[in-house]
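Colleague: I would like to see how this sequence folds:
(one chain, ligands or ions: 2)
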Amino acid sequence: MASHLSNKGKVAIVGCGLIGQAWAMIFASAGYKVSLYDVLSEQIENAKNTIQHTLQDYHQKGCLKGSLSPEEQFGLISGTPVLRECLEDAIFIQESVPEILQIKHQVYRAIDIFMSSNTILSSSTSSFLPSVLSEHSTHRSQFIVAHPVNPPYFIPLVEIVPAAWTSERVITRTREIMTEIGMKPVTLTTEIRGFALNRIQFAVLNECYHLVHDGVLSAKDIDRVMSEGLGLRYAFLGPLETIHLNSAGK
Ligand SMILES: NC(=O)c1ccc[n+]([C@@H]2O[C@H](COP(=O)([O-])OP(=O)(O)OC[C@H]3O[C@@H](n4cnc5c(N)ncnc54)[C@H](O)[C@@H]3O)[C@@H](O)[C@H]2O)c1
Ligand SMILES: O=C(O)[C@@H](O)[C@@H](O)[C@H](O)[C@@H](O)CO
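Modeller: Numbers count the residues shown, from 1 in each chain. Ligands and ions are numbered 1, 2, ... in the order given. Below is the predicted model of the structure:
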């Protein structure tokens with residue numbers, strides 16, 4: 001393995017299901033050492049096997065991220081059923097356990113014991129406010145949300161959401177790391193329910209449901225409004241840029 005990879009630092013992935021595996025591949029593609037932990041030890045092996053095959057598959061399909069070979073990227077990924085080992089020397093922890101508050105709080109209590117004063121603890125949560133997640137954490141100034149969009153390997157947006165007590169260093173450093181690994185971060189200035197993507201996504205869905213419910217459009221044609229219309233436009237111009245550039249009054 002290329003020696004320059006060794007100074008990239010280590011990332012800990014806590015919870016290696018769908019999203020944790022995606023994060024592991026993304027961090028490894030940028031040359032980070034990645035350690036996987038899961039409460040189910042068999043899930044760690046499952047995740048490693050899935051990642052190994054997925055990296056090869058992406059390489060063969062020409063969509064592998066980064067400049068390292070699939071073998072080099074997989075060589076950066078290890079796993080352990082011992083949380084302390086997973087977290088040891090990690091500069092960044094990406095928690096990806098189920099969206100169940102009790103489980104997240106239980107995991108943070110355990111992580112609190114082992115994380116250093118410099119480590120960033122980031123949650124993949126889709127909906128919980130960072131203040132609700134971290135209010136009882138010892139290292140709560142080091143806690144932040146980095147919410148990915150499924151599938152994270154191919155959709156680069158990540159929503160960075162701080163709690164009121166998240167330090168500026170953590171906010172800035174998290175955005176730097178996300179950019180460095182090829183994600184496209186947005187940073188919310190304050191926590192808000194649903195963050196940004198899901199607020200917008202569900203506002204659109206709400207109108208879609210109304211139009212179908214009222215018999216104005218079929219479900220298929222509703223989807224076409226997005227896939228053959230707005231979606232094409234929003235794939236390269238955001239809604240505000242679009243309306244700004246549109247002719248006055250249209
Ligand atoms: N699936 C999505 O579309 C999506 C998108 C964005 C964000 N998220 C968020 O990512 C997080 C993970 O979602 P997912 O879809 O990967 O779930 P998942 O069920 O695929 O994976 C969760 C993993 O966590 C493990 N786990 C359970 N309890 C644990 C514990 N106490 N300690 C360590 N590991 C534990 C499970 O064994 C499993 O492997 C959730 O917060 C979810 O809201 C999901
Ligand atoms: O579409 C997405 O990826 C996001 O909306 C997700 O974060 C979404 O919140 C669901 O997976 C909820 O778990």
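Colleague: alpha carbons only for contacts and neighbour counts from here, please
Modeller: Will do.
Colleague: buried stuff in the helix or strand hosting Ile243?
Modeller: In this structure, Ile243 sits in helix 239-245 according to DSSP states H and E. Residues of helix 239-245 classed as buried: none (neighbour count, 16 or more other Cα atoms under 10 Å).
Colleague: Kindly report the same for stretch 87-105.
Modeller: Neighbour-count burial for stretch 87-105, counted by 16+ other Cα under 10 Å, picks out Leu87, Asp89, Ala90, Ile91, Phe92, Ile93, Gln94, Glu95, Ser96, Val97, Lys104, His105.
Colleague: Using JSON lines, lay out those residues together with secondary structure, distance to ligand 2 and pLDDT.
Modeller: Formatted as JSON lines, the buried residues of stretch 87-105 follow (DSSP: H, G, I helix; E, B strand; the rest coil; distance: Cα to the nearest ligand atom, whole Å; pLDDT from 0 to 100):
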{"residue": "Leu87", "secondary structure": "helix", "distance to ligand 2": "25", "pLDDT": "98"}
{"residue": "Asp89", "secondary structure": "coil", "distance to ligand 2": "29", "pLDDT": "96"}
{"residue": "Ala90", "secondary structure": "strand", "distance to ligand 2": "25", "pLDDT": "97"}
{"residue": "Ile91", "secondary structure": "strand", "distance to ligand 2": "24", "pLDDT": "97"}
{"residue": "Phe92", "secondary structure": "strand", "distance to ligand 2": "21", "pLDDT": "98"}
{"residue": "Ile93", "secondary structure": "strand", "distance to ligand 2": "18", "pLDDT": "98"}
{"residue": "Gln94", "secondary structure": "strand", "distance to ligand 2": "15", "pLDDT": "98"}
{"residue": "Glu95", "secondary structure": "strand", "distance to ligand 2": "14", "pLDDT": "98"}
{"residue": "Ser96", "secondary structure": "coil", "distance to ligand 2": "11", "pLDDT": "98"}
{"residue": "Val97", "secondary structure": "coil", "distance to ligand 2": "11", "pLDDT": "98"}
{"residue": "Lys104", "secondary structure": "helix", "distance to ligand 2": "14", "pLDDT": "98"}
{"residue": "His105", "secondary structure": "helix", "distance to ligand 2": "18", "pLDDT": "98"}
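Colleague: among the residues you listed, which are in reach of ligand 1?
Modeller: Among the buried residues of stretch 87-105, the residues that sit close to ligand 1 (Cα under 6 Å from any ligand atom) are Ser96, Val97.
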